[in-house]
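The sequence isn't on hand, but the structure is:
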C-alpha cells in the first residue's frame with residue numbers, strides 16, 4: 001500500500017473560507033443547526049490558521065541575523081513607544 005500523501009495546508013484558502021463562514025453567520029439566515037455546524041468549522045479553520053501563523057513567526061525569527069551572524073529573535077512589527 002502506498003504511503004498517505006500529506007495534505008497541504010493553504011492558509012489563504014482557509015482564511016477565505018473562515019471569512020465566508022463569518023459573513024454567512026452574520027447574515028442571520030442560517031438555522032440553529034447550520035449555525036452550529038458553521039461555528040464548528042470556523043473554529044477548526046481558526047485553529048489551523050493560528051498554528052500556521054505561529055509557525056511562520058518562528059521561521060522568521062530563525063532567519064533574522066544580527067551583525068555577528070548569530071540568529072536572534074525580532075518582532076514582526078515596530079512597537080509604538082507612545083503606549
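Nice, thanks for sending it over. None of these values were measured; they are calculated from a predicted model.

Buried residues of the helix of greatest length in the chain, list them for me.
Using DSSP state H to assign secondary structure, the helix with the most residues in the chain is helix 32-63. Of the residues in helix 32-63, 38, 42, 45, 48, 49 count as buried by neighbour count, 16 or more other C-beta atoms under 10 Å. To be clear about C-beta, it is placed using only N, CA and C from the backbone, and glycine gets the same treatment.

now swap in stretch 8-21 and tell me
Buried-residue list, stretch 8-21, by 16+ other C-beta under 10 Å: 14, 15, 17, 18, 21.

Show me what it is in contact with.
Residues from elsewhere that reach stretch 8-21 (C-beta atoms under 8 Å, 6 or more residues apart in numbering): 38, 39, 41, 42, 45, 46, 48, 49, 52, 53.

Could you report the pLDDT at residue 67?
Looking at residue 67, its pLDDT is 51.

repeat for the one 10 residues further on
At residue 77 the predicted local distance difference test score is 60.

go on, residue 28?
93.

sorry, back to before: could the buried residues of stretch 8-21 go into JSON lines alongside distance to residue 58, secondary structure and pLDDT?
Compiled in JSON lines, the buried residues of stretch 8-21 are given as follows (distance: C-beta to C-beta, whole Å; DSSP: H, G, I helix; E, B strand; the rest coil; pLDDT from 0 to 100):
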{"residue": "14", "distance to residue 58": "19", "secondary structure": "helix", "pLDDT": "95"}
{"residue": "15", "distance to residue 58": "19", "secondary structure": "helix", "pLDDT": "95"}
{"residue": "17", "distance to residue 58": "24", "secondary structure": "helix", "pLDDT": "96"}
{"residue": "18", "distance to residue 58": "22", "secondary structure": "helix", "pLDDT": "96"}
{"residue": "21", "distance to residue 58": "27", "secondary structure": "helix", "pLDDT": "96"}
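
Which single one of the residues you listed is nearest to residue 64?
Checking the buried residues of stretch 8-21 against residue 64 by C-beta to C-beta gives residue 15 as the nearest, at 24.8 Å.

now the closest one: how far from residue 63?
Remark: distance between residue 15 and residue 63 (C-beta to C-beta, to the nearest Å) = 23 Å.

same question, residue 21
Distance of residue 21 to residue 63, given as C-beta to C-beta: 33 Å.
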